[in-house]
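**Q** Sequence plus predicted model, see below.
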Amino acid sequence: GENVEQHPSTLSVQEGDSAVIKCTYSDSASNYFPWYKQELGKGPQLIIDIRSNVGEKKDQRIAVTLNKTAKHFSLHITETQPEDSAVYFCAARPLLKLTFGTGTQLKVEL
Amino acid sequence: GAGVSQSPSNKVTEKGKDVELRCDPISGHTALYWYRQSLGQGLEFLIYFQGNSAPDKSGLPSDRFSAERTGGSVSTLTIQRTQQEDSAVYLCASSLGGQSSYEQYFGPGTRLTVT
(Lines give C-alpha, C1' and ligand atoms only; values in the text may rest on other atoms or scores of the structure.)
Protein backbone atom coordinates (compact mmCIF):
# COMPACT_ATOMS: atom_id res chain seq x y z
CA GLY A 1 0.00 0.00 0.00
CA GLU A 2 0.87 3.67 -0.06
CA ASN A 3 3.34 5.05 2.46
CA VAL A 4 3.69 8.79 3.08
CA GLU A 5 6.56 10.32 5.00
CA GLN A 6 6.46 13.91 6.20
CA HIS A 7 9.23 16.21 7.45
CA PRO A 8 9.87 18.02 9.67
CA SER A 9 7.73 16.92 12.58
CA THR A 10 8.03 20.38 14.15
CA LEU A 11 8.85 23.71 12.55
CA SER A 12 9.28 27.06 14.23
CA VAL A 13 9.53 30.26 12.17
CA GLN A 14 9.45 33.96 12.82
CA GLU A 15 6.38 35.88 11.71
CA GLY A 16 6.83 36.98 8.11
CA ASP A 17 9.26 34.21 7.23
CA SER A 18 8.46 31.32 4.89
CA ALA A 19 7.74 27.76 5.96
CA VAL A 20 8.28 24.63 3.89
CA ILE A 21 6.96 21.16 4.69
CA LYS A 22 7.99 18.18 2.60
CA CYS A 23 6.40 14.81 1.92
CA THR A 24 7.38 11.73 -0.03
CA TYR A 25 5.14 8.92 -1.19
CA SER A 26 5.77 5.42 -2.42
CA ASP A 27 2.92 4.45 -4.76
CA SER A 28 3.40 5.76 -8.29
CA ALA A 29 -0.36 5.32 -8.84
CA SER A 30 -1.12 8.19 -6.45
CA ASN A 31 -2.70 11.01 -8.41
CA TYR A 32 -4.04 13.40 -5.80
CA PHE A 33 -2.16 15.18 -3.01
CA PRO A 34 -4.07 17.32 -0.52
CA TRP A 35 -2.80 19.32 2.42
CA TYR A 36 -4.81 19.74 5.59
CA LYS A 37 -4.48 22.19 8.47
CA GLN A 38 -5.64 21.05 11.89
CA GLU A 39 -6.10 23.47 14.76
CA LEU A 40 -6.33 22.28 18.33
CA GLY A 41 -9.61 20.51 19.04
CA LYS A 42 -10.84 20.73 15.46
CA GLY A 43 -11.04 18.44 12.47
CA PRO A 44 -8.56 18.76 9.58
CA GLN A 45 -9.36 21.51 7.09
CA LEU A 46 -8.44 21.16 3.43
CA ILE A 47 -6.25 24.15 2.51
CA ILE A 48 -4.85 23.25 -0.90
CA ASP A 49 -4.49 20.23 -3.14
CA ILE A 50 -2.75 19.25 -6.35
CA ARG A 51 -3.38 16.59 -8.94
CA SER A 52 -0.73 14.59 -10.72
CA ASN A 53 -1.10 16.41 -14.03
CA VAL A 54 0.05 19.68 -12.45
CA GLY A 55 3.49 20.59 -11.10
CA GLU A 56 2.60 23.61 -9.00
CA LYS A 57 -0.46 25.31 -7.60
CA LYS A 58 -0.73 28.57 -5.69
CA ASP A 59 -3.44 30.14 -3.59
CA GLN A 60 -2.47 33.49 -2.08
CA ARG A 61 0.25 32.78 0.51
CA ILE A 62 0.11 29.02 0.08
CA ALA A 63 1.65 26.97 -2.72
CA VAL A 64 2.18 23.29 -3.35
CA THR A 65 4.72 21.71 -5.68
CA LEU A 66 4.77 18.15 -6.97
CA ASN A 67 7.64 16.16 -8.45
CA LYS A 68 6.18 12.90 -9.73
CA THR A 69 9.50 11.54 -10.85
CA ALA A 70 10.99 11.86 -7.40
CA LYS A 71 7.66 11.10 -5.69
CA HIS A 72 7.72 14.12 -3.46
CA PHE A 73 5.55 17.15 -2.88
CA SER A 74 5.90 20.21 -0.70
CA LEU A 75 3.81 22.89 0.97
CA HIS A 76 5.13 26.44 0.96
CA ILE A 77 3.66 29.16 3.17
CA THR A 78 4.99 32.67 2.63
CA GLU A 79 4.70 35.69 4.92
CA THR A 80 3.69 33.49 7.83
CA GLN A 81 1.28 34.86 10.42
CA PRO A 82 0.50 33.69 13.97
CA GLU A 83 -2.81 32.24 12.77
CA ASP A 84 -0.85 29.86 10.54
CA SER A 85 0.24 28.03 13.71
CA ALA A 86 -1.32 24.56 13.55
CA VAL A 87 -0.56 20.96 12.60
CA TYR A 88 -0.30 20.38 8.85
CA PHE A 89 -0.85 16.99 7.23
CA CYS A 90 -0.02 15.90 3.72
CA ALA A 91 -1.77 12.97 2.07
CA ALA A 92 -1.64 10.89 -1.09
CA ARG A 93 -4.44 9.08 -2.87
CA PRO A 94 -3.67 6.10 -5.12
CA LEU A 95 -7.22 4.79 -5.29
CA LEU A 96 -10.15 6.06 -3.26
CA LYS A 97 -8.50 6.28 0.17
CA LEU A 98 -6.14 8.91 1.49
CA THR A 99 -2.92 7.91 3.21
CA PHE A 100 -1.70 10.65 5.54
CA GLY A 101 1.69 11.75 6.70
CA THR A 102 2.36 12.00 10.42
CA GLY A 103 1.96 15.77 10.57
CA THR A 104 4.08 18.87 11.10
CA GLN A 105 3.53 21.14 14.09
CA LEU A 106 4.11 24.66 12.74
CA LYS A 107 4.68 27.44 15.24
CA VAL A 108 4.85 31.03 14.04
CA GLU A 109 6.54 33.21 16.61
CA LEU A 110 6.08 36.93 16.99
CA GLY B 1 -23.87 25.11 3.68
CA ALA B 2 -23.64 22.70 6.60
CA GLY B 3 -20.47 20.73 6.93
CA VAL B 4 -19.86 17.26 8.31
CA SER B 5 -21.20 16.90 11.82
CA GLN B 6 -20.30 14.31 14.43
CA SER B 7 -21.76 13.38 17.78
CA PRO B 8 -21.00 13.23 20.58
CA SER B 9 -18.06 15.63 20.60
CA ASN B 10 -16.65 13.87 23.66
CA LYS B 11 -17.30 10.44 25.08
CA VAL B 12 -15.90 8.91 28.24
CA THR B 13 -16.62 5.23 28.77
CA GLU B 14 -15.47 2.43 30.99
CA LYS B 15 -13.34 -0.37 29.66
CA GLY B 16 -15.52 -3.19 28.36
CA LYS B 17 -18.51 -1.04 27.44
CA ASP B 18 -19.79 -0.55 23.89
CA VAL B 19 -19.89 2.89 22.25
CA GLU B 20 -21.57 4.32 19.18
CA LEU B 21 -20.26 7.33 17.30
CA ARG B 22 -22.36 9.16 14.76
CA CYS B 23 -21.51 11.01 11.55
CA ASP B 24 -23.75 13.18 9.39
CA PRO B 25 -22.05 13.82 6.04
CA ILE B 26 -22.49 16.82 3.80
CA SER B 27 -25.79 16.59 1.95
CA GLY B 28 -25.34 14.99 -1.45
CA HIS B 29 -22.01 13.39 -0.63
CA THR B 30 -22.11 9.70 -1.46
CA ALA B 31 -18.70 8.76 -0.05
CA LEU B 32 -18.06 8.59 3.69
CA TYR B 33 -14.84 7.77 5.54
CA TRP B 34 -13.91 7.03 9.15
CA TYR B 35 -10.41 7.74 10.46
CA ARG B 36 -8.79 7.41 13.86
CA GLN B 37 -6.27 9.89 15.23
CA SER B 38 -4.33 8.86 18.29
CA LEU B 39 -2.60 11.51 20.42
CA GLY B 40 0.09 13.24 18.39
CA GLN B 41 -0.33 10.87 15.47
CA GLY B 42 -1.52 11.07 11.91
CA LEU B 43 -4.84 9.88 10.63
CA GLU B 44 -5.40 6.14 10.35
CA PHE B 45 -7.98 4.96 7.81
CA LEU B 46 -10.68 2.72 9.25
CA ILE B 47 -13.53 2.21 6.77
CA TYR B 48 -14.96 3.71 3.57
CA PHE B 49 -18.52 3.72 2.21
CA GLN B 50 -19.40 4.60 -1.39
CA GLY B 51 -23.08 4.65 -2.30
CA ASN B 52 -24.63 1.21 -2.17
CA SER B 53 -21.36 -0.64 -2.73
CA ALA B 54 -19.91 -2.96 -0.12
CA PRO B 55 -17.80 -0.91 2.30
CA ASP B 56 -14.01 -1.11 2.34
CA LYS B 57 -13.31 -2.36 5.86
CA SER B 58 -9.61 -2.96 5.35
CA GLY B 59 -8.57 -0.44 8.01
CA LEU B 60 -10.64 -1.73 10.92
CA PRO B 61 -8.14 -2.80 13.63
CA SER B 62 -10.19 -5.66 15.07
CA ASP B 63 -13.59 -7.33 14.91
CA ARG B 64 -14.66 -5.18 17.85
CA PHE B 65 -15.01 -2.34 15.36
CA SER B 66 -17.92 -2.13 12.93
CA ALA B 67 -19.71 0.59 11.01
CA GLU B 68 -22.88 0.96 9.08
CA ARG B 69 -24.41 3.58 6.88
CA THR B 70 -28.16 3.70 6.68
CA GLY B 71 -29.96 5.16 3.69
CA GLY B 72 -26.73 6.30 2.15
CA SER B 73 -26.40 9.18 4.60
CA VAL B 74 -25.80 8.94 8.35
CA SER B 75 -23.12 6.54 9.54
CA THR B 76 -22.51 4.94 12.92
CA LEU B 77 -19.17 3.56 14.08
CA THR B 78 -19.55 0.99 16.86
CA ILE B 79 -16.77 -0.18 19.13
CA GLN B 80 -17.63 -3.19 21.27
CA ARG B 81 -15.93 -4.11 24.53
CA THR B 82 -13.81 -0.96 24.48
CA GLN B 83 -10.16 -1.12 25.50
CA GLN B 84 -7.90 1.68 26.72
CA GLU B 85 -5.98 1.61 23.44
CA ASP B 86 -9.20 2.62 21.68
CA SER B 87 -8.85 6.08 23.22
CA ALA B 88 -8.42 8.48 20.31
CA VAL B 89 -10.21 11.08 18.22
CA TYR B 90 -12.49 9.47 15.65
CA LEU B 91 -12.91 11.58 12.54
CA CYS B 92 -15.47 11.28 9.80
CA ALA B 93 -15.09 12.75 6.31
CA SER B 94 -17.33 12.89 3.28
CA SER B 95 -16.77 13.38 -0.40
CA LEU B 96 -18.92 13.72 -3.51
CA GLY B 97 -17.83 10.20 -4.36
CA GLY B 98 -16.45 8.36 -7.34
CA GLN B 99 -13.06 8.22 -9.01
CA SER B 100 -13.25 11.83 -10.20
CA SER B 101 -14.18 13.23 -6.81
CA TYR B 102 -11.14 13.91 -4.69
CA GLU B 103 -11.80 16.42 -1.93
CA GLN B 104 -12.62 15.01 1.50
CA TYR B 105 -14.18 17.27 4.10
CA PHE B 106 -13.78 16.39 7.75
CA GLY B 107 -16.05 16.76 10.73
CA PRO B 108 -14.82 18.03 14.12
CA GLY B 109 -14.32 14.52 15.47
CA THR B 110 -15.40 12.59 18.56
CA ARG B 111 -12.84 12.36 21.35
CA LEU B 112 -13.18 8.94 22.95
CA THR B 113 -11.63 8.26 26.33
CA VAL B 114 -11.72 4.74 27.72
CA THR B 115 -11.06 4.59 31.46
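**A** Nice, thanks for sending it over.

**Q** Run through the bridge partners of the spatially closest residue to residue B:8 that is not a sequence neighbour.
**A** Closest residue in space to residue B:8, ignoring its immediate chain neighbours: residue B:110 at 6.0 Å, by C-beta to C-beta, 6 or more residues apart in numbering or on different chains. No exception for glycine: its C-beta is placed from N, CA and C like everyone else's. Taking DSSP bridges as the rule, residue B:110 bridges to residue B:90.

**Q** what's the answer for residue A:49, then?
**A** Assigned bridge partners for residue A:49, using DSSP bridges, are residue A:34.

**Q** ok, back up a step: next one: the residue nearest to residue B:8 relative to chain A, how far apart?
**A** 10 Å (C-beta to the nearest C-beta, to the nearest Å).

**Q** Name all residues that make contact with that residue.
**A** B:6, B:7, B:8, B:9, B:10, B:11, B:21, B:89, B:90 (C-beta atoms under 8 Å, 6 or more residues apart in numbering or on different chains).

**Q** What of residue B:46?
**A** B:33, B:34, B:35, B:36, B:59, B:60, B:61, B:65, B:67, B:77, B:90.

**Q** Can you select the buried ones among these for me in ChimeraX?
**A** In ChimeraX, this line selects whichever of the contacts of residue B:46 come out buried by 16 or more other C-beta atoms under 10 Å in any protein chain shown:
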select /B:33,34,35,36,59,60,65,67,77,90
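
**Q** Please render the contacts of residue B:46 as JSON lines that adds secondary structure and pLDDT to the earlier fields.
**A** Listed next are the contacts of residue B:46 as JSON lines, based on DSSP: H, G, I helix; E, B strand; the rest coil; pLDDT from 0 to 100:
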{"residue": "B:33", "secondary structure": "strand", "pLDDT": "95"}
{"residue": "B:34", "secondary structure": "strand", "pLDDT": "97"}
{"residue": "B:35", "secondary structure": "strand", "pLDDT": "96"}
{"residue": "B:36", "secondary structure": "strand", "pLDDT": "96"}
{"residue": "B:59", "secondary structure": "coil", "pLDDT": "93"}
{"residue": "B:60", "secondary structure": "coil", "pLDDT": "96"}
{"residue": "B:61", "secondary structure": "coil", "pLDDT": "94"}
{"residue": "B:65", "secondary structure": "strand", "pLDDT": "98"}
{"residue": "B:67", "secondary structure": "strand", "pLDDT": "96"}
{"residue": "B:77", "secondary structure": "strand", "pLDDT": "98"}
{"residue": "B:90", "secondary structure": "strand", "pLDDT": "98"}
